[in-house]
Structures are given as structure tokens and as C-alpha cells.
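J.: only the shape, not the letters, is given here:
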């Protein structure tokens with residue numbers, strides 16, 4: 001046995017700031033190394049055509065440019081389109097060495113390949129089908145070995161169970177930090193823990209490679225036709241959840257297309273026979289994976305280390321099962337589907353009560369759409385609820401429902417989430433307070449359940465929110481929300497009772513959401529289908545397309561590393577980009593800067609913390625564009641442009657405050673030119689995962705215009721720690737203008753307090769806290785007015801402060817009362833109302849931040 005090499009820290013131990021008192025302990029006897037071998041990329045050197053590549057690395061293509069052309073054509077065009085392209089006169093001067101689509105695809109078939117596809121014809125004795133039963137599949141173990149040894153994921157993999165404690169509480173995030181990982185490892189090392197008899201033990205030093213599977217049926221035709229596909233996808237829990245949750249990171253592999261057939265039997269028996277066929281097919285695909293779970297399999301990790309791996313799955317009566325009539329009756333009487341040979345029946349350490357974890361997309365978001373939103377519509381009224389969503393202020397990057405929420409005929413998980421963002425504030429005042437409290441408690445549960453990382457405290461909060469809902473749900477019945485029903489017999493509602501135990505066993509549930517598999521159905525079925533001839537063998541054509549894509553992606557990385565004389569092992573030189581959700585681009589940008597744009601990848605998150613302005617306290621990074629939207633304006637022009645008559649006065653006050661602390665205070669007359677921006681960006685680290693940088697948000701500050709007569713301005717949180725002389729103590733403000741003073745040619749350089757972007761803001765004061773609002777548990781804010789006098793009526797207060805005083809972008813929802821003013825629109829509602837709810841549900845990050853503040 002070789003000593004283990006140093007590997008990157010798992011996500012639970014990465015941090016860029018103060019995330020509490022955190023400690024961790026790996027399992028004492030896991031993850032041993034048993035020698036060296038080749039990882040997935042290095043195995044390309046064993047390809048049968050590798051000798052041809054000794055003289056031409058791009059073989060069978062003639063050059064790097066021809067390889068790029070062939071790759072583009074194979075990835076984007078149909079065979080007919082490729083042939084049409086190759087006949088263009090434009091290519092006469094420099095024709096590629098392949099002359100037809102068929103020749104190009106034959107060359108693609110000659111590229112190094114991963115696990116190979118195969119076809120198996122099946123029969124169900126005694127039952128006929130309309131067409132042949134063909135299973136198109138790859139060996140599950142070979143796919144897992146390819147994933148486990150892929151160096152692209154090297155810096156984003158975990159190999160050992162570990163316990164993580166934060167502030168003396170156990171933390172549950174990735175699967176390897178949850179109880180199930182330790183439980184299985186304990187079973188494997190029973191000699192060490194003395195828990196089981198000797199005959200049930202497995203060797204010490206084993207490495208867990210937990211299997212995550214997803215499968216669903218989807219139509220591939222649009223509007224007409226009835227063609228369907230039923231793919232099966234696999235990935236491994238060793239890969240960080242942030243990577244697995246991005247379909248474009250290619251951490252999932254399609255391993256099979258299940259046959260979609262109809263049996264020549266009574267319709268009552270179709271479901272049971274199709275379910276049995278599905279389990280039989282999965283049984284075939286995963287046969288070697290189950291063997292590896294029982295006796296182990298030596299696999300090579302991305303670093304070339306050989307490990308002894310075990311592959312647990314991470315998701316009766318005496319009547320003859322093929323006597324369908326009697327068997328199905330007994331199965332239904334016991335609430336069973338009627339499948340007697342389940343695919344996981346002989347899969348060691350695979351318990352359906354553990355691997356069938358609650359799924360967030362359908363268990364929470366679809367539940368909200370099917371039930372919670374209907375309750376709200378029944379009580380508030382569809383027209384009233386639509387009107388409230390229509391007039392809500394529109395923010396960049398957030399879905400706005402211009403036509404309301406009741407007219408859409410088809411909604412997806414994205415729309416479910418967008419409606420959830422404001423539902424509590426939208427129904428407040430129009431629904432009875434007790435019902436609002438019940439709905440709010442359920443929304444709290446939904447948001448808490450989606451956290452990537454949990455502690456016992458957060459699980460306790462989640463359970464308390466669900467208990468609060470059950471204690472107050474009678475108010476929904478009393479308000480008529482259930483439309484005549486007098487109970488809450490909803491299976492998904494009962495399933496929520498298991499969320500807490502599921503988190504402790506398997507880690508954060510958000511990592512198992514079906515969002516990624518829904519996306520995979522598009523990328524692996526619907527999109528490839530458009531490039532087929534739509535004949536009966538379309539499934540085989542799709543397999544060829546997917547196979548070519550994998551070959552191209554694998555060889556692309558290999559060629560790039562070879563051209564830059566880089567090793568085929570992804571050894572990180574620093575920790576700067578370990579939080580990226582695109583490991584391929586991160587690796588390539590390090591070894592060959594500028595080449596990552598040649599690879600399909602998730603859109604990268606721009607890191608403003610490297611070059612942007614840092615907020616006071618360094619909690620946020622802020623940025624404006626290099627070129628302002630308007631420049632060379634006079635102070636009077638800005639006052640008129642933004643309808644801010646007191647701008648000059650507030651600017652004089654700002655300069656006077658800071659001039660007192662400098663040796664020589666410049667006067668406002670020196671800098672009479674101003675540049676303005678209509679927006680800026682703000683970026684933060686994740687509240688619950690301090691090592692993760694969140695995408696930046698746009699904060700608008702547009703002046704009045706024909707489209708926005710009152711301007712289009714967003715709301716921010718300010719740094720109100722008492723250390724700023726510019727903020728009178730307000731926490732929330734509306735950004736009315738973003739500007740910077742320009743130094744005239746005759747004057748010297750501007751002092752520091754004037755050389756950075758400034759904001760003119762109008763503040764809000766807190767008039768109610770969550771503790772005083774048991775129904776919504778939201779802060780209520782009110783606009784601040786200056787005192788009135790006989791000489792001047794009261795007007796909204798404003799002041800100037802540096803951009804660096806901003807800490808967060810937030811969302812406000814007007815306090816509508818019982819009825820919304822129907823004369824208002826989304827461009828006028830924020831200006832006409834004076835009282836607002838500070839919306840804690842605008843995003844999961846806002847919720848985590850404001851929920852924590854509300855608990856203090």
C-alpha cells in the first residue's frame with residue numbers, strides 16, 4: 001500500500017472568510033492507495049491509433065485548424081447540412097481532407113473512445129409487443145470508472161467520509177459529510193468498529209464511489225408524433241455537488257436508453273409490465289456496479305492512484321408474479337407497484353429508504369404550484385393576486401409577471417420559484433393574518449430545505465417551520481383555501497416530515513434536485529433528436545451523436561495539454577479557482593490561458609473581488625463600467641436630469657463633512673463636471689458557504705424618462721455600523737443616482753473621498769420588525785420625509801455617500817392593504833407607496849441573510 005498523496009480540500013473545508021469555529025475529522029481507515037496506473041486521459045495513449053498520432057497529433061485530421069472545423073461540423077450540423085457545406089464554392093481554394101459527412105463521421109468513430117455502447121434484444125415470456133424490445137446501453141461500471149478517473153474533476157472530488165463541526169454543531173453538506181457515508185464505511189470496516197461478524201466484512205482501506213442515478217421518460221417530438229425516450233443517467237457523489245448540479249459541466253453520463261414499448265395486453269397491465277421491464281433493464285446496466293458494491297473493484301482516480309472502490313447506490317407474498325391478474329390485485333391492496341424483481345434487490349448497502357431521498361423540484365416547488373398557490377388564489381382572488389404581481393417593481397435578472405400569474409398555460413420550475421419569491425408579501429393584507437402565517441411558515445420550510453449546508457440548528461429551524469404550518473393550517477380551511485375540502489391529505493405534505501432525517505443521512509437535498517436531469521433530457525434526447533432523420537432508428541442515431549460528442553470532448557482536452565506540453569494530471573497550483581462550477585475551464589485557463597473559449601462550459605462568474613471596489617468591511621465587491629452612461633455634465637444638469645432639486649445642497653454637505661478632516665478642503669466650485677452611471681453591480685460571497693462567490697447583481701439608478709416617468713431605481717442595504725459619517729443611521733435606501741465628480745484641468749487631483757463613485761440615496765426607516773409581525777415575519781419600512789415648515793412642505797429625505805457603503809441589493813414589496821390600487825403600474829408603484837415589506841424571499845441568499853438577522 002502506498003501513502004496517500006495530498007489532495008484538494010473538500011468543499012466543507014474551503015473558506016475565504018470567517019465562517020465560525022470549524023473543525024473536521026476524516027475517517028481513520030478509508031481511501032488507501034494500492035499503486036499507480038493511468039487516469040482517463042492517460043488511457044488515450046493506449047488507443048489503437050496512437051502510433052498514427054506520433055507524427056501527427058491531430059490524426060486523422062491534417063492540422064489543428066482542420067480538427068477545429070471537423071469538430072464544429074460534427075457537433076452542430078446534420079449529415080445533409082455537412083454535405084451541403086462541403087460543396088460550397090468558397091471551399092474550392094482550401095478543401096478539407098474529408099470529402100463527405102460519412103467520411104467525417106467515420107473519422108470521428110476512429111477517435112479514442114470511452115465506454116462503448118451496445119444493443120441487447122430482450123423478451124418478456126408470454127407477452128408480445130408492438131415492436132422489438134431493444135435496450136441500448138453501456139456498462140455502468142465502465143462509465144463510473146471513466147468518471148472516477150477523469151482528471152478534469154480532480155480538484156473537485158472527495159474520496160473519504162469526514163465529520164465537519166461548525167460552532168460545535170455537526171454540519172451536513174456534501175454526501176461524504178452526512179451520516180450515510182460514515183454508516184457504510186463503518187459497515188465496510190466492521191473489524192475496526194467490531195459491529196458485524198467477520199464473514200460480513202469488507203477490506204480496510206476501501207474508497208466509496210457512491211452512485212447517483214436519474215431516469216425519466218420524455219417526448220422528443222413537438223406538437224405531432226408520439227416518439228418517446230427513456231434515458232438513464234449516472235454520476236458519482238465523489239464529484240462536488242456544485243459541479244454535478246451543472247448539466248454543462250458534463251459530470252453526468254447517459255448509460256442507457258430504456259425501451260419504450262407497449263404490450264399487447266389489457267391497459268390495466270401496461271404499467272406493471274413496463275415497470276418490470278424497466279427494472280430488468282437497469283439490472284442489466286448496473287450488474288457490474290452491484291458486484292463492485294459487494295466485493296469491490298480496483299479503480300484509478302484522477303491523480304493516477306489505484307484505489308479499492310465500492311459502489312453503493314446513493315438514491316411479497318406467495319402468489320406467482322406472472323399471474324398478473326391475481327398478483328396485481330394483491331400488490332395494489334398493499335400499495336405496491338407489482339415489480340417482484342427490483343433492480344436494487346442484490347445491491348449491497350443500498351436501502352431504498354436511504355437512497356430514495358426527497359427531491360426538491362417536485363416535492364417542494366411543484367407542490368407549491370399545485371397546492372399552495374391555489375390556496376392563495378382561492379382566498380385572495382385571481383384578479384387581485386394578478387394585479388399585485390403586475391405592479392411589483394421590476395429588477396434586472398428577476399422574472400416579472402407582466403400579465404399576472406394565472407394566465408400562463410405552462411410553467412416550469414423556474415416560474416414556480418419566481419412566484420415563491422414574493423407570495424408572502426403579495427397575500428399580506430388580502431388574506432387573513434392566520435392564513436398568511438401558515439403560508440409563510442411553509443415558504444420558510446421550502447427555503448430552509450434548499451440550503452446546501454445544514455447544521456442541527458438549521459434542521460431544527462426547518463422542523464419548527466413545518467410544525468408552525470401544521471399548527472396554523474386550519475386557518476387555510478377556515479378561509480376557504482382548500483375549495484370545499486376539509487383535510488390536508490396530500491402525500492407530498494406528508495413526505496416533508498422525512499426531510500430532516502434525509503438531510504442527516506445524505507446531506508443537502510438541493511444537490512439531488514431533478515433540475516439537472518430535466519436539463520439532461522433536453523441535451524441528450526430532444527436536441528440530438530433534431531439532428532436525426534426521425535426514422536425508426538432515431539435512438540441509435542442519437543447514441544452515435546452522443547458518442548461523438550464524448551470522443552471530441554475527451555480528445556480536445558488531450559490535444560490541448562499535449563500541444564502545451566502539460567501533464568495529463570490536473571494538479572492545482574493555487575486555490576484561487578477551486579470554487580468554479582466549470583472544472584474544465586478552470587484547468588485549461590491555468591495551463592493555456594485564452595483557450596477555454598473553445599470548450600462548451602457554463603458561463604463563468606466574473607469575480608469582482610479581484611478588481612472591483614470593496615465595500616466597507618469587505619463583505620461585498622462593487623463595480624461600475626469603465627465608460628459612464630453620461631459624462632461632462634454640470635451639477636445643475638444632474639439635478640434636472642434626475643429631478644433632485646436638493647442635489648447641490650447635499651453635495652455641499654458631503655464635501656463639508658469630509659473637508660473638516662483634511663488639511664485643505666476643496667470647494668464644490670472646483671469640480672463642476674460630473675459623470676453618471678445608470679447602474680452598478682454588486683457581488684457577495686454566499687452566506688451559508690463562504691467559499692462560494694455568487695453571481696453579481698445589477699442595481700439600477702435610471703433617471704426619469706418616457707418609459708419610467710419617476711425613474712427606475714433599486715433598493716440596497718447600507719453599512720450602518722455607526723462608523724460612517726455619511727449615513728445618519730439608516731439601513732435601507734433607494735439609489736436615485738450614481739455619479740462621480742470629474743476634476744477640472746486647472747485643479748489638483750481630487751481627494752480620496754471624491755475620487756470614487758458616489759450615490760444619492762433616499763432612505764427608509766424600520767417601523768416594524770419580524771418579531772412584531774407573526775404573520776409575515778417581514779420588516780416593514782417607511783419612507784423618510786424631512787420636517788415640513790410654512791416655507792417648505794415636507795419632501796423625501798436624501799443624502800450622499802460613497803458607493804462602498806452598499807452591502808446588499810434587496811427587494812421591496814409595497815404594503816398593498818386589502819386591495820391594490822388598480823391605477824398603478826410597475827413603473828409607478830414604488831414611487832406612489834410609502835410603506836413596504838423588506839422581502840426576505842427575493843433569493844435564497846437574501847433569505848439566509850435576513851432570516852439569520854430576524855433570529856437575533
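T.: Here it is on my side, so go on. Because the structure is a prediction, the values reported are computed rather than measured.
J.: just give me how far the helix or strand hosting residue 519 sits from the chain centre.
T.: Element membership of residue 519 [criterion: DSSP states H and E] is helix 515-521. On the basis of CA atoms, centre = their mean, to the nearest Å, helix 515-521 sits 12 Å off its chain's mean C-alpha point.
J.: likewise for stretch 349-367?
T.: Chain-centre distance of stretch 349-367: 17 Å, with CA atoms, centre = their mean.
J.: how far does it stretch from one end to the other?
T.: End-to-end distance for stretch 349-367, by CA to CA, to the nearest Å: 31 Å.
J.: just to revisit the earlier point, in terms of secondary structure, what does the helix or strand following the helix holding residue 519 contact?
T.: Sequence order places helix 527-529 as the next helix or strand after helix 515-521, per DSSP H and E. Applying 3 or more CB pairs under 8 Å, 6 or more residues apart in numbering; DSSP states H and E, we find helix 527-529 packed against helix 538-563. Placement of C-beta: from N, CA and C, glycine included.
J.: need the phi and psi values for residue 763.
T.: phi -90, psi 160 (degrees, to the nearest 10).
J.: and if you look at residue 734?
T.: phi -100, psi 130.
J.: can you give me the neighbour number for it?
T.: 22 (other CB atoms under 10 Å).
J.: do I have it right that it meets residue 712?
T.: No - under the criterion of CB atoms under 8 Å, residue 734 makes no contact with residue 712, lying 10.9 Å away.
J.: may I see the buried residues of the helix holding residue 519?
T.: 515, 516, 517, 518, 520, 521 (16 or more other CB atoms under 10 Å).
J.: how about residue 366, what does it touch?
T.: 413, 416, 492 (CB atoms under 8 Å, 6 or more residues apart in numbering).
J.: which among those count as buried?
T.: Among these, the ones that count as buried by 16+ other CB under 10 Å are 413, 416.
J.: out of the contacts of residue 366, flag the one nearest to residue 367.
T.: residue 492 (4.4 Å; CB to CB).
J.: then the closest one would be within a helix, right?
T.: Yes - counting by DSSP: H, G, I helix; E, B strand; the rest coil, residue 492 is found in a helix.
J.: how many residues are close by residue 452?
T.: Number of residues near residue 452 (other CB under 10 Å) recorded here: 22.
J.: what helix or strand is it located in?
T.: Applying DSSP H and E, one finds residue 452 in no helix or strand.
J.: which residue, other than its chain neighbours, is closest to it?
T.: Closest residue to residue 452 apart from its sequence neighbours, by CB to CB, 6 or more residues apart in numbering: residue 508 at 4.7 Å.
J.: surely the one you found and residue 241 touch.
T.: Yes - judged on CB under 8 Å, residue 508 makes contact with residue 241 at a distance of 7.1 Å.
J.: identify the residues contacting residue 123.
T.: Residue 123 neighbours (CB under 8 Å, 6+ apart): residue 133.
J.: let's go with 10 Å and repeat that
T.: 129, 132, 133 (CB atoms under 10 Å, 6 or more residues apart in numbering).
J.: next: residue 165.
T.: Residues in contact with residue 165 (CB under 10 Å, 6+ apart) are 20, 21, 22, 23, 24, 25, 171, 455.
J.: and for residue 508 and residue 241, which residues touch both?
T.: With CB under 10 Å, 6+ apart as the test, residue 508 and residue 241 both reach 173, 174, 175, 452.
J.: count the neighbours of the residue nearest to residue 452 for me.
T.: Neighbours of residue 508 using other CB under 10 Å come to 25.
J.: and residue 846, by the same measure?
T.: Applying other CB under 10 Å, we find 21 residues neighbouring residue 846.
J.: try residue 485
T.: Residues near residue 485, counting by other CB under 10 Å, number 10.
J.: report the separation between the residue nearest to it when sequence neighbours are not counted and residue 378.
T.: Nearest non-adjacent residue to residue 485, counting by CB to CB, 6+ apart: residue 477, 7.8 Å away. Residue 477 sits 11 Å away from residue 378, taking CB to CB, to the nearest Å as the criterion.
J.: identify the contacts common to those two.
T.: Jointly contacting residue 477 and residue 378 under the rule CB under 10 Å, 6+ apart are residue 484.
J.: quick one: buried residues of stretch 630-640?
T.: Of all the residues in stretch 630-640, those buried under the rule 16+ other CB under 10 Å are 633, 635, 638, 639.
J.: right, I mislabeled it, should have said stretch 163-182
T.: Residues 163-164, 166, 169-182 are the ones in stretch 163-182 that count as buried (16+ other CB under 10 Å).
J.: so which of the contacts of residue 123 belong to strands?
T.: When DSSP state E defines the strands, the subset of the contacts of residue 123 inside them is residue 133.
J.: quick one: the contacts of residue 123 as CSV, columns for pLDDT too.
T.: As requested, these are exported to CSV (pLDDT from 0 to 100):
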residue, pLDDT
129, 85
132, 87
133, 88
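J.: of the contacts of residue 123, buried ones?
T.: Buried residues within those, counting neighbours by 16+ other CB under 10 Å: 129, 133.
J.: which one of the contacts of residue 123 is nearest residue 617?
T.: Distance to residue 617, by CB to CB, is smallest for residue 133 among those, at 63.8 Å.
J.: so who does the closest one touch?
T.: Residues in contact with residue 133 (CB under 10 Å, 6+ apart) are 120-124, 127, 258-261, 263, 277, 280-281.
J.: try residue 372
T.: By CB under 10 Å, 6+ apart, the neighbours of residue 372 are 364, 416, 419-420, 423, 438-439, 442-443, 446, 476, 481, 493.
J.: so the closest residue to residue 141 other than its chain neighbours, which of the three states?
T.: The shortest distance from residue 141 to any non-neighbouring residue, by CB to CB, 6+ apart, is to residue 288 (3.7 Å). Here residue 288 is recorded as helix under three-state DSSP.
J.: please apply the same query to residue 257.
T.: Here residue 257 is strand, with the state taken from three-state DSSP.
J.: that one: neighbour count?
T.: Here the count is done by other CB under 10 Å, and residue 257 has 24 residues near it.
J.: pretty sure it contacts residue 120?
T.: No - using CB atoms under 10 Å, residue 257 makes no contact with residue 120, being 11.5 Å away.
J.: between those two, what contacts are shared?
T.: Shared contacts of residue 257 and residue 120 (CB under 10 Å, 6+ apart): 134, 135, 136, 137, 281.
J.: I'd like to know which of the residues you listed is nearest to residue 311.
T.: The closest of the shared contacts of residue 257 and residue 120, once distances to residue 311 are taken by CB to CB, is residue 137, at 16.9 Å.
J.: is that closest one bridged to anything, and to what?
T.: Beta-bridge partners of residue 137, counted by DSSP bridges, are residue 118, residue 256.
J.: and the gap between it and residue 518?
T.: For residue 137, the distance to residue 518 (CB to CB) stands at 22 Å.
J.: and for residue 617?
T.: Here the distance between residue 617 and residue 518 works out to 39 Å (CB to CB).
J.: out of the contacts of residue 123, flag the one nearest to residue 604.
T.: Of all the contacts of residue 123, residue 604 sits closest to residue 133, with 44.2 Å by CB to CB.
J.: against residue 276, how distant is the residue lying closest to that closest one once chain neighbours are set aside?
T.: Once flanking residues are discounted, residue 133 sits nearest to residue 122: 4.4 Å by CB to CB, 6+ apart. Here residue 122 is placed at a distance of 11 Å from residue 276 (CB to CB).
J.: what helices or strands is the helix or strand containing residue 762 leaning on?
T.: Per DSSP H and E, residue 762 falls inside strand 758-768. Judged by 3 or more CB pairs under 10 Å, 6 or more residues apart in numbering; DSSP states H and E, strand 758-768 is in contact with helix 635-642, helix 647-659, strand 697-702, strand 715-718, strand 732-742, strand 779-783, strand 799-802, strand 835-838.
J.: partners of the fourth one, with directions?
T.: When you say that, I think you mean strand 715-718. strand 732-742 (antiparallel), strand 806-810 (antiparallel).
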